[in-house]
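Peer 1: Predicted model and sequence below, questions to follow.
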Amino acid sequence: MNIGEARGEEAPTKRSFSLLAQVDLAHPLFTAFADARFNDFTKIHFWRHRRLVPESLPAGVRIIAAFDDESPALIEVPIGRGTLLILTSGWAPGDSQLSLSTKFVPLLYSALERSRPPAASSDSLSVGDRIPSQAWGTNTTRTLRRPDGTEVDVAATPSALETDQPGLYLAVQSGVRLAVNLPPEESRTAPLPPDALEKLGVPLLHAVSEKEAGRAEERKRMLAAAELENRQKLWRWVLVAGFLFVLGETWLAGRLTQPRPAPATS
């Protein structure tokens, strides 16, 4: 497709600016503006733009937006497996108010998002996972470029689909890139409890598990309670002995203070 064959000229205007009168909201570029609250582009003034003759555009060219004089403002040209977006004006302040509009950043973001190659799978891959065959699409020739730069023919070496190193893998024929990361377990930096280390066979010299520390504390409490109970028993017997001593002393004093009967006289 030769887009250079399209005829264009500087657009004459009766007033000092042009407006966007037609916008294809069904196009993926404008999905962010599908809501009626955000799809008003008539407030953007275009001071200068090139007027393309729609009839001179090659077949397959899609007009995404048009000015109020019916000349294309934004067109999409298919080129190979991709597409080319052509804006017939500029976003510099001398050409338009586009860069000053709230529509500019979402529009630019949508264009950049569409420029990325399609992902073969939404699932993240980790080292050891297998590269999905969907990465090559319908291509029968399948070459995989590994993170170290080496290329492997997948048809001749099926085991090459098994990832053994982190980095970006490229399906050469389709251009799909897949990021292979380290397993999530390797990024966990929280320390393992001592009992888990012992189960793994890690020798621990002075480490005491929380369970053992709890048992030792329980033993201390039991010993303290037993010692207190023994002391209470000792004082109990001391009190009993003291009570018996006082009782015996009282009895003896009573016996000694009783008057003796007078001896009988003849």
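Peer 2: All right, it came through fine.
Peer 1: Output the longest strand belonging to this structure.
Peer 2: Using DSSP state E, we find that the single longest strand of the chain is strand 72-79.
Peer 1: For A65, see how far away T42 is.
Peer 2: 12 Å (Cβ to Cβ, to the nearest Å). The way it works is simple: take the backbone N, C-alpha and C, and place the C-beta from them, glycine included.
Peer 1: got any residues that touch both of the two?
Peer 2: Residues touching both T42 and A65 (Cβ atoms under 8 Å, 6 or more residues apart in numbering) are L20.
Peer 1: Would you map the helices across the stretch 1-150 of the chain?
Peer 2: For the stretch 1-150 of the chain, the helices defined by DSSP state H, counting those that start in this stretch occupy 104-114.
Peer 1: so where's it shaky on pLDDT?
Peer 2: Applying pLDDT under 70 to the stretch 1-150 of the chain flags the ranges 1-15, 117-123, 138-139.
Peer 1: follow-up on the earlier one: helix 104-114 and the longest strand of the chain, what's the angle between them?
Peer 2: Put simply, strand 72-79 runs at 10 degrees to helix 104-114, going by axes from the mean of the first three to the mean of the last three Cα atoms, to 10 degrees.
Peer 1: Look at T42 and A65 and report which has more neighbours.
Peer 2: A65 (20 against 10; other Cβ atoms under 10 Å).
Peer 1: ok, the more buried one touching L25?
Peer 2: No. Between A65 and L25 there is no contact under Cβ atoms under 8 Å: 9.8 Å.
Peer 1: Could you pull out the strands in the stretch 1-150 of the chain for me?
Peer 2: Secondary structure of the stretch 1-150 of the chain by DSSP state E, counting those that start in this stretch: the strands cover 8-10, 20-23, 50-52, 62-67, 72-79, 82-87, 125-126, 143-145.
Peer 1: could you dump those to TSV with distance to E113?
Peer 2: Shown next, in TSV, are the strands of the stretch 1-150 of the chain (distance: least, Cβ to Cβ, whole Å):
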stretch	distance to E113
strand 8-10	28
strand 20-23	18
strand 50-52	26
strand 62-67	15
strand 72-79	15
strand 82-87	12
strand 125-126	21
strand 143-145	24
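Peer 1: Of all those strands, which one is nearest G254?
Peer 2: Of all these, strand 125-126 sits nearest to G254, with 97.7 Å by Cβ to Cβ.
Peer 1: partners of the closest one in the sheet?
Peer 2: strand 176-181 (parallel) (DSSP bridges).
Peer 1: Only the buried residues of the following helix or strand past the partner strand, if you could.
Peer 2: As assigned by DSSP states H and E, the chain's next helix or strand after strand 176-181 is helix 194-199. Neighbour counts over helix 194-199 (16 or more other Cβ atoms under 10 Å) mark P194 as buried.
Peer 1: distance of E212 from F46?
Peer 2: Distance from E212 to F46, by Cβ to Cβ: 78 Å.
Peer 1: Can you pick out the residue with more neighbours from these two?
Peer 2: Shown here are E212 and F46; by other Cβ under 10 Å, F46 has more neighbours (23 against 12).
Peer 1: Would you check that that one makes contact with S18?
Peer 2: Yes. Between F46 and S18 a contact is recorded at 4.5 Å, counting by Cβ under 8 Å.
Peer 1: Now for those two: what residues contact both?
Peer 2: Here F46 and S18 share the contacting residues F67, scored by Cβ under 8 Å, 6+ apart.
Peer 1: Let me know the pLDDT of A179.
Peer 2: pLDDT, A179: 87.
Peer 1: Who is Q22 paired with across the strands?
Peer 2: Beta-bridge partners, per DSSP bridges, of Q22: A66.
Peer 1: wait, what's in contact with it?
Peer 2: A65, A66, E70.
Peer 1: try 10 Å
Peer 2: Counting by Cβ atoms under 10 Å, 6 or more residues apart in numbering, Q22 makes contact with F41, I63, I64, A65, A66, F67, D68, E70, P72, A73.
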